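In: coords below, sequence missing:
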């Protein structure tokens with residue numbers, strides 16, 4: 001391990017990256033939770049998250065969430081027919 005200290009700018013940049021990743025993870029979790037509620041299982045929700053969809057111009061829900069479009073994905077998944 002190095003004896004070098006993080007500069008305030010480097011620490012701020014690191015904190016910013018962590019917060020951004022945390023927001024993305026929270027958004028992904030929120031969409032997965034809703035998809036599981038509608039689709040019935042974790043496996044079905046996970047498969048749906050990774051499937052390119054016509055509704056999203058062949059992008060996956062996971063790609064849209066990663067790009068900050070989780071509200072659009074949530075609206076779409078809430079419009080799906082619930083699993084029985």
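Out: That came in fine, so what should we check first? The structure presented is a predicted model; accordingly, all values stated were derived computationally and were not measured.

In: so who does the residue nearest the centre of the chain touch?
Out: Centroid-nearest residue in the chain: residue 28, 2.4 Å away (criterion: Cα atoms, centre = their mean). By Cβ atoms under 8 Å, 6 or more residues apart in numbering, the residues touching residue 28 are 49, 62, 65-66, 70. (C-beta placed from N, C-alpha, C; glycine too.)

In: let's see 7 Å
Out: Going by Cβ atoms under 7 Å, 6 or more residues apart in numbering, residue 28 touches residue 65.

In: I believe it is in a helix; please confirm or correct that.
Out: Yes - counting by DSSP: H, G, I helix; E, B strand; the rest coil, residue 28 falls inside a helix.

In: From residue 11, how far out is residue 55?
Out: To residue 11, residue 55 is 41 Å away according to Cβ to Cβ, to the nearest Å.

In: Same check on residue 26?
Out: Counting by Cβ to Cβ, the gap from residue 26 to residue 11 is 22 Å.

In: now the residue nearest to the centre of the chain: how far from residue 10?
Out: Taking Cβ to Cβ, one finds residue 28 at 27 Å from residue 10.

In: Same check on residue 61?
Out: 34 Å.

In: The two: which is more packed in?
Out: Using other Cβ atoms under 10 Å as the criterion, residue 61 and residue 10 rank with residue 61 on top: 27 against 11.
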